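**Q** Sequence and predicted structure below; questions after.
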Amino acid sequence: MFTSVLMIEKALTSADVEFVTTLHGDEDVSFSVLLQPRGEQADRLLRAIDDVAIGELDQAAREAAAPDGPAGADQAEQALEVSLAALHAAGCEATGRLVDDHPLDAVKSLVEETHADEVIVLTDPHYVEEFFHRDWASRARHKVGVPVLKLFSHARA
């Protein structure tokens, strides 16, 4: 069985599930999902800049309305449950948890714990962070000791 650590920032769409579950052909895949809830003010600014860069001005204006704290945690927990259910429905083993702080440390720890074969980072494009190689995938490549695959989600949050 192939073991993947899957880092996400929102609920997986059906297209995302099909994408990640078919990466290895007919081989059985087990997923350990880490969901990083939406961040605080600095993350909002970066997301708004990304939205402006791709012409999503309405979305950039709505970034201030994204919930933080308990409301954001409830949404993140629900997104994780939806994602795990979708992976199970696709016939994959899947477990998951939320990541509050230090997502890269959580990934490294989970890779070691599960003896993962790879890390898949599945997010919306983050142009500012990617340009400066500060996105999760770029940073994880130097930390986890297994291949890291960067994929873009099929639908925006």
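**A** Done, it's in. Numbers count the residues shown, from 1 in each chain.

**Q** For the protein, which helix or strand comes out least confident on mean pLDDT?
**A** helix 57-62 (a mean of 53; mean pLDDT, DSSP states H and E).

**Q** could I have the helix or strand following that one exported to CSV, CA atoms only?
**A** Tracing the chain C-terminally past helix 57-62 and defining elements by DSSP states H and E, one meets helix 69-89 next. Written as CSV, here are the backbone C-alpha positions of helix 69-89 (Å, rounded to 0.1, in the frame of the first residue of the first chain):
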residue,chain,number,x,y,z
GLY,A,69,-11.3,31.5,16.2
PRO,A,70,-14.0,29.0,17.2
ALA,A,71,-16.2,29.7,14.1
GLY,A,72,-13.2,29.1,11.8
ALA,A,73,-12.2,25.9,13.7
ASP,A,74,-15.8,24.6,13.3
GLN,A,75,-15.6,25.2,9.6
ALA,A,76,-12.2,23.5,9.4
GLU,A,77,-13.4,20.5,11.3
GLN,A,78,-16.4,20.1,9.0
ALA,A,79,-14.1,20.5,5.9
LEU,A,80,-11.9,17.7,7.3
GLU,A,81,-14.8,15.4,7.9
VAL,A,82,-16.2,16.0,4.4
SER,A,83,-12.7,15.3,2.9
LEU,A,84,-12.2,12.1,4.8
ALA,A,85,-15.7,10.9,3.9
ALA,A,86,-15.0,11.6,0.2
LEU,A,87,-11.7,9.7,0.4
HIS,A,88,-13.4,6.7,2.1
ALA,A,89,-16.2,6.8,-0.6
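
**Q** Helix 69-89 - contacts with which helices or strands?
**A** With contacts defined as 3 or more CB pairs under 8 Å, 6 or more residues apart in numbering; DSSP states H and E, the secondary structure elements packing on helix 69-89 are helix 14-21, strand 29-35, strand 93-98. Heads up, the C-betas are built off the backbone N, CA and C, glycines and all.

**Q** so which of those comes closest to residue 146?
**A** When those are compared for distance to residue 146 using CB to CB, the nearest one is strand 29-35, at 12.2 Å.
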